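Visitor: structure, please.
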Amino acid sequence: MDSYIWGLILVGTLATFSTRALPFVLLAPFATHPLLQFLGRYLPPVMMVLLAVYAGADLVKVVATPTAIVAATLCTALLQWYLRNPLFSIFLGTLVYGLLG
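Guide: Numbers count the residues shown, from 1 in each chain. Now for the predicted structure:
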């Protein structure tokens, strides 16, 4: 029974690692291509904005006062812009939301 579980963990680990590493291995020859450099630079911030808008729009429907959402979002954005520390920014933004919400 234990070997079966360890086998499942091993297969899952190898599958996860290979699917994460495969794009880097296959696209390594094209790393200097302008399109990949553009996507690598601008796609992560765009995705974060889309996720924030999506989550915020959903929260406005659920929470009675959107003031907490706006304050926490502004706090997180300003701290991230000023300090450039995602963990600290997200933690304090969540704390502000918890205190006001």
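Visitor: distance of the nearest residue to residue 101 once chain neighbours are set aside from residue 11?
Guide: Distances taken as CB to CB, 6 or more residues apart in numbering place residue 68 nearest to residue 101, at 3.8 Å, with adjacent residues excluded. All C-beta spots, glycine's among them, are computed from the backbone N, C-alpha and C. Note on residue 68: its distance to residue 11, by CB to CB, to the nearest Å, is 44 Å.
Visitor: between the two, which is the more surrounded one?
Guide: Remark: of residue 68 and residue 11, residue 68 carries more neighbours, 17 against 10, as counted by other CB atoms under 10 Å.
Visitor: mind listing what's buried along the helix or strand that contains that one?
Guide: Residue 68 belongs to helix 67-83 when assigned by DSSP states H and E. Within helix 67-83, the residues scored as buried using 16 or more other CB atoms under 10 Å are 68, 69, 71, 72, 73, 75, 76, 79, 80.
Visitor: how about the nearest residue to the fourth one, chain neighbours excluded?
Guide: Translated: residue 72. Leaving aside its chain neighbours, residue 72 sits nearest to residue 97 (3.6 Å; criterion: CB to CB, 6+ apart).
Visitor: quick one, what contacts the one you found?
Guide: Contact analysis of residue 97 by CB atoms under 8 Å, 6 or more residues apart in numbering lists 68, 69, 71, 72.
Visitor: can you list the domain ranges for this protein.
Guide: Under the assignment automatic domain parsing, the domains of the chain span 1-30, 32-100.
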